[in-house]
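# structure for the following, please:
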Amino acid sequence: MAWVAISVFTLPMCAQFARLDKYPQIPSQYDAAFVDHVKDFASGVAKSSYGQYFGQITREKNVYGFGAYYTDQDGVVYGQYRQGNFLFGIKMGVQTAKVGSNEHYICYDLTTGDPQYIMKDSAKYTLPADYGKTYRFESLTYQNGDKYVGETVNGKRDGVGIYFYNNGNYYYGRYKNNDRRGFGAMFFTNNTITIQYWKGEDE
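Below is the predicted model:
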């Protein structure tokens with residue numbers, strides 16, 4: 001009878017998070033297909049048991065596209081919707097902001113900006129102690145009165161966020177190194193929405 005030695009070891013916490021995304025990384029072609037479908041949908045207001053919605057709707061008045069829900073349960077929910085269901089975005093409550101999908105997201109403490117945990121496949125992953133030194137959720141106000149609320153990396157706009165202009169318009173989308181990246185939506189005070197695409201220098 002031969003004996004087999006088995007080594008048991010535990011990965012350091014930081015090694016586990018090298019492979020755990022904060023939220024789903026949506027391939028650009030999927031995002032493009034979504035935008036192709038919703039780009040001609042009008043903007044409007046819809047009410048439901050979840051709250052009041054402002055954003056893209058179908059001719060049948062179904063919530064579909066980019067928009068924002070104002071709710072009692074989750075606060076303001078900015079993002080993308082399909083047939084009334086939340087797909088991806090920011091759920092910004094009073095104390096926390098959750099960025100991602102319903103099933104896979106990162107939760108931030110709004111009082112400190114610190115990341116708290118990542119939720120994926122019904123499991124909660126505690127974050128390494130130094131994670132918050134790089135990744136944060138912040139409110140940044142600029143000299144011209146504009147304001148950014150969203151994810152940052154080393155103090156720069158990076159991740160998912162909302163840029164509020166001092167004229168009342170705001171933009172929801174992704175950022176990389178302070179610049180807009182990929183698809184996003186501009187919400188105007190005249191109740192119209194424009195979907196925009198921003199290409200990075202590395203593309």
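# what's the helix or strand for the most centrally placed residue in the chain?
The structure's the chain has its C-alpha centroid closest to residue 89; by Cα atoms, centre = their mean the separation is 3.4 Å. Using DSSP states H and E, the secondary-structure element containing residue 89 is strand 85-92.
# now do the buried residues in that strand.
86, 88, 89, 90, 91, 92 (16 or more other Cβ atoms under 10 Å). Yep, even glycine has a C-beta here, placed from its N, CA and C like the rest.
# now do the same contact list for the closest residue to residue 44 other than its chain neighbours.
By the measure of Cβ to Cβ, 6 or more residues apart in numbering, the closest residue to residue 44 outside its immediate chain neighbours is residue 57, 4.5 Å from it. Taking Cβ atoms under 8 Å, 6 or more residues apart in numbering, we find residue 57 in contact with 41, 42, 43, 44, 46, 63, 64, 65, 67.
# got a list of what the residue nearest to residue 170 when sequence neighbours are not counted touches?
Of all residues beyond its chain neighbours, the one nearest residue 170 is residue 164 (4.6 Å), with distances taken as Cβ to Cβ, 6+ apart. For residue 164, the contact set (Cβ under 8 Å, 6+ apart) comprises 146, 147, 148, 149, 170.
# which pair of the residues you listed spans the longest distance?
For those, with distances taken as Cβ to Cβ, the pair at the greatest spread is 146 and 149 (10.9 Å).
# ok, which stretches of the protein are helices?
Assignment of helices within the chain using DSSP state H yields the ranges 13-17, 28-38.
# ok now the longest one, how far from the chain's centre?
Distance, stretch centre to chain centre, for helix 28-38: 16 Å (Cα atoms, centre = their mean, to the nearest Å).
# give me the buried positions along that helix.
Of the residues in helix 28-38, those buried under the neighbour-count criterion (16+ other Cβ under 10 Å) are 31, 34, 35, 38.
# please identify which of these is nearest to residue 109.
Minimum separation from residue 109 among those (Cβ to Cβ) is found for residue 31, which lies at 28.6 Å.
# touching, the closest one and residue 181? I think so.
No. Using Cβ atoms under 8 Å, residue 31 makes no contact with residue 181, being 10.9 Å away.
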